[in-house]
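Engineer: Please find the sequence and the predicted model below.
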Amino acid sequence: MGFKSYCFKKSLWVFHFGGASCNNCDIEILDCLTPRHDLERFGILLVGSIRHADVLLVNGIINHHDKERLIEIYNQAPKPILVVAIGACGCTGGLFTESYTFAGPVDKVIPVNAYVPGCPPKPEAIIAGIVKLVNNS
Amino acid sequence: MAASLFYFFVFPGILFAATVGALLSWFDRKISARVQFRKGPPLLQPFYDFFKLLLVKETILPKQGSPLVFLLAPVLAVFGAAMSGVFILLPLFNITTGFRGDLLVIFYLLTVPSFSYIIGALASGNPLAAVGGSREMKLILGYEVTFLLVIAGVIMKCGQHFDLNTIIQTQQDGSPFIGSVSGVILFIVAIFCVQAKLALVPFDMPEAEAEITEGIFIEYSGAAYAMIKLAKYIMFFILPAFIVALLMGGFNLHGINILWAVLKVIAVVLLLTLIKNTNPRLKIKQAIKFFMIWMNLLAVIALVLIAFGL
Ligand code: SF4
């Protein structure tokens, strides 16, 4: 493992893109940053600008409106960027698959590096997903 | 020549100041985490952040705006921070060169990083960065007069001497300036000025994360952002060190006294961190009012007290 990838793994800055979700996943993602789970001990920070991000967390289905915006956000991100799809909605479409606003789960729109299924996934599951992602990238 | 380059790049310039500053910024994050009952990041976290930005990430140039100015601004910020760092730290470490630490030079060099952030933000062509830039400009207008008054107070206290060497020497021969009523008032005012200079929480409206998503730094990525981090680390060390030099008697580098010097800097940083963690962000109007009226008033009271020899 090189010095570069070691530094990258130790300091992942996360940008949160909320698609058309039911908002439960958003709450679980924020839970990861609370004192109980405290992702900052792994160097993970929530950043406000996509230009600083290393990981793009996407939750919820992608509807027709979100699609363009998600692609634009993805193109604006400095590479290398890892994309994580959170929740059943992000992975497959979940219970919104038959909705008329549905424009595909996240991986139909942008390439995805990791999936964290669950409705909503527990914070522990999200952390486990990120750990697996870091160890495999 | 070689000595000057060594002073600028290694000790006490960029390398030393940035390393200590990075460790202090870890301390800041750790204390913030402990205040919120979290565990906080590992010791080397600031270094990971810096090298990740510098070596791994791509630097994106703005399509609108001026790429050259956009890229030069962080370099200028590092230059300003390192330059003022050298001029503050040389007298503090009691290294005698031709320069004796003229306070006005230091005062102007300390504003260089803030100005280059503004220039960079305005060159990026992003509307949120422009909002951040204008806020930073107003904030500078607010605290700079106050900071000058603090420096004037220190100059009056040590008998009209403008150089840092003499100020530190006077305090070490007599007692630190903070040991008097006027000294305590000056210290309070100086802490708030430094808080604003570092853009820590009550005064972090230029980079307000929640409303204008990092404001002045919104467009920076990769190596350019790493340079900004570097400038911030340096400032995070030299501004507390400047307060220690002005009011708390400077460093005494003999034997066990080194520990005492380290403790002084850590105490100032701890105070800044606690203020940061126990206050909400002010509006820019409130911040200017705070400095223009209340802090200036306090500083003037301190000046009057000094004139009466208290
Ligand atoms: S996966 Fe479940 S909890 Fe998450 S956004 Fe979809 S419906 Fe809501």
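Structural biologist: Thanks, I have the structure now.

Engineer: Centroid-nearest residue for chain A?
Structural biologist: Nearest to the geometric centre of chain A sits A:Leu57, at 1.6 Å (CA atoms, centre = their mean).

Engineer: Report how many residues lie close to residue 120.
Structural biologist: You didn't pick a chain, so chain A it is. 23 (other CB atoms under 10 Å in any protein chain shown). Where you see a C-beta, it was placed from the backbone N, CA and C, and this is true even at glycine.

Engineer: right idea, wrong chain: chain B
Structural biologist: Using other CB under 10 Å: B:Gly120 sits among 29 other residues.

Engineer: In this structure B:Thr59 contacts A:Arg51, no?
Structural biologist: No. Taking CB atoms under 8 Å as the definition, B:Thr59 is not a contact partner of A:Arg51, at 9.6 Å.

Engineer: Next up, the contacts around residue 105.
Structural biologist: Chain wasn't specified; assuming chain A. A:Ile61, A:Ile62, A:Ala85, A:Cys89, A:Gly90, A:Cys91, A:Thr92, A:Gly93 (CB atoms under 8 Å, 6 or more residues apart in numbering or on different chains).

Engineer: Let me rephrase: I mean chain B.
Structural biologist: B:Phe87.

Engineer: helix or strand for it, which one?
Structural biologist: Taking DSSP states H and E as the definition, one finds B:Val105 inside helix B:103-123.

Engineer: Let me know the next secondary structure element after that helix.
Structural biologist: Next element after helix B:103-123 (DSSP H and E): helix B:127-157.

Engineer: That following helix versus helix B:103-123: what angle between them?
Structural biologist: Angle of helix B:127-157 versus helix B:103-123, following axes from the mean of the first three to the mean of the last three CA atoms, to 10 degrees, is 180 degrees.

Engineer: just checking, what packs against helix B:127-157?
Structural biologist: Contacting helix B:127-157 under the criterion 3 or more CB pairs under 8 Å, 6 or more residues apart in numbering or on different chains; DSSP states H and E are the following elements: helix B:103-123, helix B:181-197, helix B:209-212, helix B:222-247, helix B:284-289, helix B:296-307.

Engineer: could you redo the last one with a cut-off of 10 Å?
Structural biologist: Under the contact definition 3 or more CB pairs under 10 Å, 6 or more residues apart in numbering or on different chains; DSSP states H and E, helix B:127-157 sits against helix B:103-123, helix B:164-173, helix B:181-197, helix B:209-212, helix B:222-247, helix B:284-289, helix B:296-307.

Engineer: What distance do you get for B:Gly309 to B:Ile167?
Structural biologist: Distance of B:Gly309 to B:Ile167, computed by CB to CB, to the nearest Å: 18 Å.
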